[in-house]
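> Structure for the following, please:
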Amino acid sequence: MKKITLLTLLAISLSSFAQQKSTGDVTFGTSGVTANLTLNNTTQKATLKLTGPSDRWFGLEFGSFAAGQGMTDGHDLVYANNTTLIDARQTGYGDPPSTDASQSWTIISDTGTSASSPAIRTITAERNFSTGDANDYTFNYANTSIDFAWARRSNAGYGLGNHGGNRGYGIDRPLSTTLGVDDFGLKASSISPNPSNGNFTIETKTGLDQINVYSLIGTLIQTIEVKDKSNTVEVSLKNLQSGIYLIELQNDQEKTWKKIIIK
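Below is the predicted model:
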């Protein structure tokens, strides 16, 4: 009986760790474009790490399609311009993509936005598996693979135009289960309650130095200095209007972004 109990507990323990699937780093030839998609079944969020040349636009389409079906009308994609990552959809072969009215991806980090060093730009962003937006692809943790199509501009610049031969596919990229471990970085921070009335608590697994509050258009609203690298901070933003705000969490090692909804 004891052996059965221990085996059962071991199975439960392992299943509790196996809550993430990832493509690993997918390199698209010599284009300088790579992608890494991770699905977290616990949080129901997809995390995308996308790299490409810092001096031009580059993009990634994802979903379920065959080689040669890229740019099909309605397919979901993201592309990097000179300032951010754009959530968009295809409008048909040879036509530029259309920007979604609702930008579902939240930027976690972005190494650069110009042709200056580093030459390779790395953007990490996340969104919910299902956003409620008909223009967004719905990620399914049960899937064992995903299809990619990539493209980039042939020369320096961020204006959208025909990419010529600078495009390709990564079809049936395996989504493999990874053993998750506790994340002690700022990315694992939580905000509660969310939505809130303006009073909420930020809890981290590492020391916090500073909290910056931004509007969705990037206007800095408030900076909060955190004393003694506290892991728990009570925040009051009751003077703000109802809406969605971006919270930047910083310490001397890293920074990350969260969203707060104020009712």
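> need the contact list for the closest residue to residue 189 other than its chain neighbours.
Take residue 189 and drop its neighbours on the chain: the residue closest to it by C-beta to C-beta, 6 or more residues apart in numbering is residue 204, 4.3 Å away. Where you see a C-beta, it was placed from the backbone N, CA and C, and this is true even at glycine. Going by C-beta atoms under 8 Å, 6 or more residues apart in numbering, residue 204 touches 186, 188-189, 231-232, 249.
> just the buried members of those residues?
Buried members of these, counted by 16 or more other C-beta atoms under 10 Å: 186, 189, 249.
> Redo those as a markdown table? Include secondary structure, distance to residue 262 and pLDDT.
As requested, the buried ones among the contacts of residue 204 are arranged in a markdown table below (DSSP: H, G, I helix; E, B strand; the rest coil; distance: C-beta to C-beta, whole Å; pLDDT from 0 to 100):
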| residue | secondary structure | distance to residue 262 | pLDDT |
| --- | --- | --- | --- |
| 186 | helix | 21 | 80 |
| 189 | coil | 18 | 84 |
| 249 | strand | 17 | 91 |
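> will you turn those residues into CSV that also has distance to residue 109?
Formatted as CSV, the buried ones among the contacts of residue 204 follow (distance: C-beta to C-beta, whole Å):
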residue, distance to residue 109
186, 11
189, 14
249, 12
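> next one: phi and psi at the residue nearest to residue 189?
Phi and psi for residue 204, reported as degrees, to the nearest 10, are phi -130, psi 160.
> Give me the pLDDT for it.
Predicted confidence (pLDDT) at residue 204: the value is 87.
> What separation is there between it and residue 48?
The gap separating residue 204 from residue 48 is 23 Å, by C-beta to C-beta, to the nearest Å.
> and what of residue 224?
29 Å.
> for residue 237, same thing?
Taking C-beta to C-beta, one finds residue 237 at 29 Å from residue 48.
> again, but for residue 101
20 Å.
> which of those two has more neighbours?
residue 48 (20 against 8; other C-beta atoms under 10 Å).
> Tell me the bridge partners for the more buried one.
Residue 48 has these beta-bridge partners by DSSP bridges: residue 37, residue 125.
> One more: residue 244?
residue 261.
> Buried residues, stretch 77-88. List them.
77-80, 84-88.
> That stretch: end-to-end distance?
Using C-alpha to C-alpha, to the nearest Å, one end of stretch 77-88 lies 5 Å from the other.
> Just the residues contacting it, thanks.
48, 50, 52, 57-62, 89-90, 97-100, 102-105, 107, 110, 113-114, 121, 123, 125, 136, 149, 158, 160.
> Now the buried members of the residues you listed.
Buried among those (16+ other C-beta under 10 Å): 48, 50, 52, 57-62, 89-90, 97, 100, 103-105, 121, 123, 125, 136, 149, 160.
> From those residues, which land in strands?
Secondary structure defined by DSSP state E assigns 48, 50, 52, 58-62, 89, 121, 123, 125, 149 of the buried ones among the contacts of stretch 77-88 to strands.
> Could you work out the most separated pair of the residues you listed?
89 and 121 (22.5 Å; C-beta to C-beta).
> Next, report how far stretch 216-233 is displaced from the centre of its chain.
21 Å (C-alpha atoms, centre = their mean, to the nearest Å).
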